[in-house]
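# Below are the sequence and a predicted model for it; my questions follow.
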Amino acid sequence: MNFSQNFTPAPEPTGYECGARLESFYNWYAQVHGWASLLVCIFGSIANVLNIAVLTRREMQSPTNMILTGLAVADLLVMIEYIPYAIHMYLYQRPRRDTFTYGWSIFVLFHSNFTQVCHTISICLTVTLAVWRYIAVAYPQRNREWCSNKRTSLMIAFAYVSCPILCIPLYINTEVRPQVEILDERGMSVNLQTANSTVASLEGMTKTTLYFVKLTESRMSNVLKDINVWIYSVVIKLIPCMALTGLSIKLVKVLLEAKQRRKKLTTKNIAIKMGNGKEHACEKPKKRRKGNDKERQTDRTTMMLLAVLLLFLFTEMPQGILGLLSVILGPSFFNTCYVMLGDVIDILTLINSAINFILYCAMSRQFRTTFNQLFCKRWRLIGRWMAVPHQSMENNGHTGTNHTVTQVTQV
């Protein structure tokens, strides 16, 4: 998640400005962001609950699905927590004295830390998912050992334990600080530079102490701010994005190479058997269908996971680049450019956290089958859509027989 929207930055000397158009867009989108984020969060919360319900079924158990379940839990936490934040900051319009109370500022501080931790967990699990799938495709003979259920559980636990530790600089770099403002009778702030010493005594105007989440003021504040931005933009964003880009390219390359090898091997074996007269005419179509089904099963699973990875790159890479530019170009870029794009960054991240359910339904027949058995047994249309023959399933590269569920594609 974007952390720039959760605190009020201290004024900095201007040196870099992104222009009035970006500021106009920021002011316009701020009016839309509340409802947009609320709708996305409601849909995403329901979708991730459904993801967890389906992926934790006994017939769906596999290392890959364990990671996807951990990912759904982290995304669900982000969605649920963002709903009251969106209502408070964007939808529930009230005077500043009621908006910026100490209690609400503590909540905003919690929001900035909690959402960043949960989203960092999602990033870590997404990288783990890419590594696990690459091993399944590139080293299928070692997949059962390297990507066992026990090791997968340890990696998920590591993500949930290490990410809060990684975000410690964020905790100590922000705080709630009081600020005295002069408010008019409508609760709007009056510019202190234009107010004289008797403004507070004027009718309808009062001095009020408001509370804001700001950067911590200390001797080490500038150092902590730089460390925080470097961790956010490089460690949490750019490094995972570069790793996922490399893994995705290798995954596609290995997949294409394996497909070519299978095609050549199948052609060669058929030619040898036909030459020796050992293959019956009735066996050939059956064996071809079995091989083609297994190949399509592996390809469909990999394509679905690649879609998850590419969606992640689409939403996370721009954040990392903007964060890095904030370090290189200085505070003026952060305050006049990055902050203005904060709401857009947030909505993209929320969409990324909410859309996996659609990808699973669109690209995994096994997920659709299990979902249908759980929730749609009485829907004849869905039942016809889900009908597939019984056959063996792929378990993150392992092969086994499932006697309790109809499935083709491992999620």
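Good, I have the coordinates.
# pLDDT value on the residue most central in space within the chain, please?
When Cα atoms, centre = their mean is applied to the chain, the residue found nearest the centroid is Ser353 (4.3 Å). Ser353 is assigned a predicted lDDT (pLDDT) of 90.
# and the closest residue to it other than its chain neighbours, how many neighbours?
Leaving out its chain neighbours, the residue that sits closest to Ser353 by Cβ to Cβ, 6 or more residues apart in numbering is Asp75, at 3.8 Å. For every residue, glycine as well, the C-beta is placed using N, CA and C. For Asp75, the neighbour count with other Cβ atoms under 10 Å is 29.
# ok so, going back, help me confirm that the residue nearest to the centre of the chain comes into contact with Val78.
Yes: counting by Cβ atoms under 8 Å, Ser353 does reach Val78; the two are 5.5 Å apart.
# which residues do those two both contact?
Residues touching both Ser353 and Val78 (Cβ atoms under 8 Å, 6 or more residues apart in numbering): His119, Ser122.
# so who does the residue nearest to the centre of the chain touch?
Gly44, Asn48, Asp75, Val78, Met79, His119, Ser122.
# In this structure the fourth one contacts His111, no?
If I follow you right, that is Val78. No: contact criterion Cβ under 8 Å: Val78 and His111 do not qualify, at 10.2 Å.
# Those two - which one has more neighbours?
Val78 (26 against 21).
# Could you say whether the more buried one sits in a helix, a strand or coil?
With DSSP: H, G, I helix; E, B strand; the rest coil as the basis, Val78 sits in helix.
# got a list of what it touches?
By Cβ under 8 Å, 6+ apart, the residues touching Val78 are Met1, Thr115, Cys118, His119, Ser122, Thr349, Leu350, Ser353.
# what do you get for Tyr338?
So Tyr338 contacts Ser4, Leu322, Gly323, Leu325, Ser326 (Cβ under 8 Å, 6+ apart).
# residue ranges with poor pLDDT in the protein?
1-16, 187, 191-204, 268-299, 377-411 (pLDDT under 70).
# Could I get the full set of strands for it?
Under the criterion DSSP state E, the chain carries strands at the ranges 174-183, 189-190, 206-215, 393-395, 398-400.
# In JSON lines: those, plus mean neighbour count and distance to Tyr26.
Below are those laid out as JSON lines (neighbours: other Cβ atoms under 10 Å; distance: least, Cβ to Cβ, whole Å):
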{"stretch": "strand 174-183", "mean neighbour count": "16", "distance to Tyr26": "21"}
{"stretch": "strand 189-190", "mean neighbour count": "16", "distance to Tyr26": "19"}
{"stretch": "strand 206-215", "mean neighbour count": "17", "distance to Tyr26": "19"}
{"stretch": "strand 393-395", "mean neighbour count": "21", "distance to Tyr26": "47"}
{"stretch": "strand 398-400", "mean neighbour count": "12", "distance to Tyr26": "50"}
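# Minimum distance to Leu55: which of the ones you listed has it?
Proximity to Leu55 (Cβ to Cβ) singles out strand 393-395 among the strands of the chain, at 13.4 Å.
# re earlier: the contacts of Ser353 in helices, which ones?
Secondary structure from DSSP state H places Gly44, Asn48, Asp75, Val78, Met79, His119, Ser122 of the contacts of Ser353 in helices.
# Once you drop chain neighbours, what's closest to the first one?
Excluding the flanking residues, the one nearest Gly44 by Cβ to Cβ, 6+ apart is Ala354, at 2.9 Å.
# pretty sure the one you found is in contact with Ile46, am I right?
No: contact status for Ala354 versus Ile46: not in contact, 9.1 Å apart, counting by Cβ under 8 Å.
# quick one: which of those two has more around it?
Just comparing Ala354 and Ile46: by other Cβ under 10 Å the higher neighbour count belongs to Ala354, 23 against 14.
# residue contacts, the more buried one?
Per Cβ under 8 Å, 6+ apart, neighbours of Ala354: Val40, Cys41, Phe43, Gly44, Ala47, Asn48, Asp75, Met79.
# now do 10 Å
Counting by Cβ atoms under 10 Å, 6 or more residues apart in numbering, Ala354 touches 39-48, 75-76, 78-79.
# Over to Ala30?
Gln5, Met89, Tyr90, Met340, Gly342, Asp343.
# how many neighbours does the fifth one have?
It stands for Gly342. Using other Cβ under 10 Å as the criterion, the residues surrounding Gly342 number 21.
# on that earlier part again, got CSV for the contacts of Ser353, with distance to Ile227 too?
Shown next, in CSV, are the contacts of Ser353 (distance: Cβ to Cβ, whole Å):
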residue, distance to Ile227
Gly44, 31
Asn48, 32
Asp75, 27
Val78, 24
Met79, 29
His119, 19
Ser122, 22
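# What is the nearest of those residues to Pro318?
His119 (14.6 Å).
# Let me see the contact set for that closest one.
Going by Cβ under 10 Å, 6+ apart, His119 touches 1-3, 74-75, 77-78, 163, 167, 236, 316, 349-350, 352-353.
# So which of the residues you listed are in helices?
Using DSSP H, the contacts of His119 in helices are Ala74, Asp75, Leu77, Val78, Cys163, Glu316, Thr349, Leu350, Asn352, Ser353.
# Please produce TSV containing the residues you listed, extended by distance to Thr267.
Conversion of these to TSV gives the following (distance: Cβ to Cβ, whole Å):
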residue	distance to Thr267
Ala74	45
Asp75	44
Leu77	50
Val78	49
Cys163	48
Glu316	42
Thr349	47
Leu350	48
Asn352	41
Ser353	44
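# Would you list the buried entries among the residues you listed?
With burial judged by 16 or more other Cβ atoms under 10 Å, the buried subset of these is Ala74, Asp75, Leu77, Val78, Cys163, Glu316, Thr349, Leu350, Asn352, Ser353.
# what's near enough to touch the residue lying closest to Gly320 once chain neighbours are set aside?
Of all residues not flanking Gly320 in the chain, Lys237 sits nearest, at 2.9 Å (Cβ to Cβ, 6+ apart). Counting by Cβ under 10 Å, 6+ apart, Lys237 touches Thr120, Ile123, Ile231, Glu316, Met317, Pro318, Gln319, Gly320, Ile321, Leu322, Gly323, Leu324.
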